[in-house]
Each structure stands twice: as C-alpha cells, then as structure tokens.
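> give me a 3D structure for the following:
(one chain, ligands or ions: 1)
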Amino acid sequence: MSTERISVLHMPSIALGPGASLEAGHHLQALGVTRVFLVTDEFLQRSGLIAPIEAAVRADGLDVVVYAVPTGEPTENSMREAAEACVASGADGVLGVGGGSALDSAKVAALIATHGGTLRDWINAPLGGARVPPGPLMPVVAVPTTSGTGSEVTAVAVLDLPSDKVKTGIAHPFLRPNIALCDPELTLGLPAPITAASGIDALLHAVEAYTSIPYTQRPKPASAGARPNYQGAAPMADIWVSEAIALVGKHLRRAVADGSDIEAREGMMLAATAAGIGFGNAGVHIPHACSYPIAGLKHAWSPPGYPGEAKFVPHGLACAITAPAAFRLIEPAVPERSRRAAELLTGAPVDVDDHDAFARALAQLIADIGCPTTITEVGYSEADLPDLVAGAMLQQRLLACSPIPVGEAELERVFRESL
Ligand SMILES: NC(=O)c1ccc[n+]([C@@H]2O[C@H](COP(=O)([O-])OP(=O)(O)OC[C@H]3O[C@@H](n4cnc5c(N)ncnc54)[C@H](O)[C@@H]3O)[C@@H](O)[C@H]2O)c1
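Residues are numbered from 1 along each chain as shown. All right, here's what the predicted structure looks like:
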C-alpha cells in the first residue's frame, strides 16, 4: 500500500479579541452580502447578547433577519426548520452567533439555502444520502459564544436524529465558515458548568488530534479531492493543537472558577479555535466516537447549569466521561505524544516510565471543574453496554483516526471502565 505524503491545513480568516463580533457587518459586506440571516438560539436572543451585534450589522447598512433555534443541541427538526426559514428570508449570507448548536445550524441553513435538497440528502451515510455540495455556500461568518466546539473553523455540523437514536453530522470542506470572529467578551456570562463542558471539549479536540494515527500511515488518496477531511496527526495541525492543550491547562480552571477573568476567557477562546483548526484537519477518535451513543441513546439526565428543562448529555460531557479510559487504552501505543500532552497540560515534566500520566491529569481536570465522571451518573448501566458499543462502532469515520485498531472489545473496555 502506498501511503500519504502530503499534509494539509484548511482554515477560515480569523479575528480574535474583545469587540471582534461588532465587526461582522464589515466582513459580510466585503463578502458581497446585503441581506443577512442571523442564526442564534432562543436563550441567547433573550439574554441581550445578540442585540448589539445585530445593531452593528444594521449600522453597516445590511438588512438582518434574526432566527433563533430552540435552546439545546440541534435535532433533525430544528435544523430543517432553520434551513426553511433561511430559504424564506431571501438572505444572501448567514451570520451564526452562539455555541456550537447555533453555529452548526447556521452552516446547514446556508448549505440548504444555497444548494437546496432535503436535510437527509446531506447527512453522512448510512443515515443520510451523503450528497456532495456542487460548489461553495453563500458566505458564512461565525461568532462563537462558547469556547469549546471550534465549529467556527471546522467543516462539519452535528445533529441528533431522535428517530434513529443517534447523533451524526454533515461534513464537507464547503461547510467551513468564511470568517470566524472570536470575541472573548461574549463568554463573560457563560455559566461555570457550560464553561467546563465546552472547555473540556476543546481539550479533547486538541489531544485526540495530537494522538491520532499519523497521516503518513494512512493510504495515499487517489486524488487531492479524495483526501479524507480528517487525515490524522500532521505537523501543521500539531502546531495548533499542542498550543491549545497548553492554553487549556493554563486557563480552564480559572475560567470555571471566575467567569469574569477576561484573560482566562481570552485564553480559552484561543484554545478552542486553535483546537478546532487542528482537529478540523487531523481528526478526533475514541472519546468522540463514544460520545455519540452516550448523547443519542437516552435522554434521561438534566445537565445542571444549562437553561431549560431538556434532558440530554451536553456534547463536551459526553466526550469527557470515557476520555480517561480511552487514554489509558491508547497511551502505551503512543507514549511520547501522551507524555508530551501531559507535560503541556500540567506544565510539569513527566517521567519516561509513566504510561498513564495524561489520563491521570485529564481525570483530575475533569473532576476539578465539576463534570460527571461516569456514564452511570448520566443514566446508563451495565445493561446498556452492548448498545453503547454498537453505537460507537457506527462512528468508523472517527475510529479510523485512532492510533490503535479499535473494535468491539476495546470499546467495551472503555465503556465498562467508565461505569
Ligand atoms: N461543528 C463542529 O465542529 C462541532 C464540534 C464539536 C461539537 N459540536 C456540536 O456543538 C454542539 C454543542 O455546542 P456548545 O458546547 O457550544 O453548546 P451549545 O451551543 O449547545 O450551548 C450550550 C448552552 O449555552 C448557552 N450559551 C451559549 N453561549 C452563551 C453565553 N455566552 N452566555 C450564556 N449562555 C450561553 C446556550 O444558549 C445553550 O443553552 C453539539 O451539538 C455538538 O455536537 C460541533
């Protein structure tokens, strides 16, 4: 088998700093947009966070139609309705302002408003038609209000399919926003539990990308267009994700302890975006593959600190619960990178004979910031293990990035150790 020799790095233009969100109108205009479909969520719309951004875009001379998705993570229905509203608005550009839920909804609205089709047409196979967009989307500017998902720089959108009891996504390079405006002041009011859940998501993006199978061990694609979106660990992605791990180590505990700490908020926003750039090219693996059945199979837990009554396991927590067990499994296979990740996270040297230093540092961080540490806490028991394993096995796109081969036995071990 001939193997890959070319590594790639795709990313949008980025502006980072207090007030960056108020420059959205300028960027939309430069992209030729005259009428903007502004996608946020209902909680953020009520919170008053959106009004100054909307006013600034209007002051720049653009028409704005505001659309708020239901608070909570996107479902097939909520994304379909957002796309229909975008088509009806007559907009020629989309501005997403919110956490990953609003940003992913914005990307999908732009996809369907540009190229038509039904939502299922575009969803990854086998649940959807995996249709390929024939060209770029109408311009999308993304303004994150959480520091976690990196959606502002990635080429995917994630949604829950309640009828299939599974989360899945739409992935194509054209889904990557044109511009990311990262304004840490927007996160000053983010409650501690959401800061923690989204912050741990950013860390896992970074460290899963860092420990992914090296791109040079993957098959050479038949053409540039056939290269997978997630190509494995590679030198340019490493630069972004290693810095992201160190930034999380310095800033996440601080941001959770004191939400008004602007230095910590700015550090976490840079960490999340840097991690998004890295994982958006390199990929993620076992904890993310396990998160999809944890989030999709049961809706039995009300996450403390999240607005509304919805029962669900927020994405960052769904990833974090199995992550220590997943890293205990892979660390012996990637000892140098695991050690380096532990050093970046803790700021302290790690002994060469220490083969679970990263898993320990991660478990400590997860406990320190108050996240659940077992699947039992969010409603699962031993009887659910077969379904959880089967759900994670469906995520072959992610498991292909694991540094070790992963089958049912490995996944069963990870879930069992997380009970
Ligand atoms: N596209 C990607 O690359 C990608 C990557 C990882 C995760 N995701 C997806 O993103 C979603 C999760 O996104 P998230 O973790 O950002 O959470 P979220 O967008 O669901 O927001 C969580 C809660 O925080 C509130 N909130 C957001 N910003 C706030 C602020 N500044 N102040 C106060 N409250 C605020 C929201 O109203 C919501 O109730 C999941 O669906 C997940 O699967 C996407």
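> dead centre of the protein: give me the residue that sits there.
Central residue check for the chain by Cα atoms, centre = their mean: the C-alpha nearest the mean position is that of residue 149, 3.0 Å away.
> now do the contacts for that one.
Counting by Cβ atoms under 8 Å, 6 or more residues apart in numbering, residue 149 makes contact with 99-100, 103-104, 198, 201-202, 272, 276, 315. Where you see a C-beta, it was placed from the backbone N, CA and C, and this is true even at glycine.
> which one is residue 72 nearest to, not counting chain neighbours?
residue 310 (4.5 Å; Cβ to Cβ, 6 or more residues apart in numbering).
> hmm, the one you found is touching residue 302, no?
Yes: taking contacts as Cβ atoms under 8 Å, residue 310 lies within contact range of residue 302: 7.4 Å.
> what segments of the stretch 151-300 of the chain are strands?
With strands called from DSSP state E, counting those that start in this stretch, the stretch 151-300 of the chain shows them at 156-161, 166-171, 179-182.
> which positions in this structure make contact with the ligand?
Residues of the chain lying near the ligand by Cβ under 6 Å from any ligand atom: 41, 43-44, 49, 71, 73-74, 98-102, 104, 145-146, 148-151, 154, 156-158, 186-187, 189-190, 194, 198, 201, 306-307, 315-316.
> how close does residue 361 get to residue 367?
From residue 361 across to residue 367, the span is 11 Å (Cβ to Cβ, to the nearest Å).
> taking the stretch 251-400 of the chain, what residue is nearest to the ligand?
residue 315 (3.6 Å; Cβ to the nearest ligand atom).
> contact partners for the residue nearest to that residue when sequence neighbours are not counted?
Excluding the flanking residues, the one nearest residue 315 by Cβ to Cβ, 6+ apart is residue 201, at 6.0 Å. By Cβ under 8 Å, 6+ apart, the contact list for residue 201 reads 148-149, 272, 315-316, 319-320.
> rerun that using 6 Å as the cut-off
148, 316, 319 (Cβ atoms under 6 Å, 6 or more residues apart in numbering).
> give me the element residue 416 is part of.
Residue 416 belongs to helix 408-417 when assigned by DSSP states H and E.
> repeat that for residue 15.
Going by DSSP H and E, residue 15 is in strand 13-16.
> what is that strand packed up against?
Packing contacts for strand 13-16, counted by 3 or more Cβ pairs under 6 Å, 6 or more residues apart in numbering; DSSP states H and E, involve strand 179-182.
> ok, residues contacting the strand it packs on?
Counting by Cβ under 6 Å, 6+ apart, residues outside strand 179-182 touching it are 12-16, 20-21, 24, 27, 141-143, 152-153, 269, 273.
> tell me how far that strand is from the chain's mean position?
15 Å (Cα atoms, centre = their mean, to the nearest Å).
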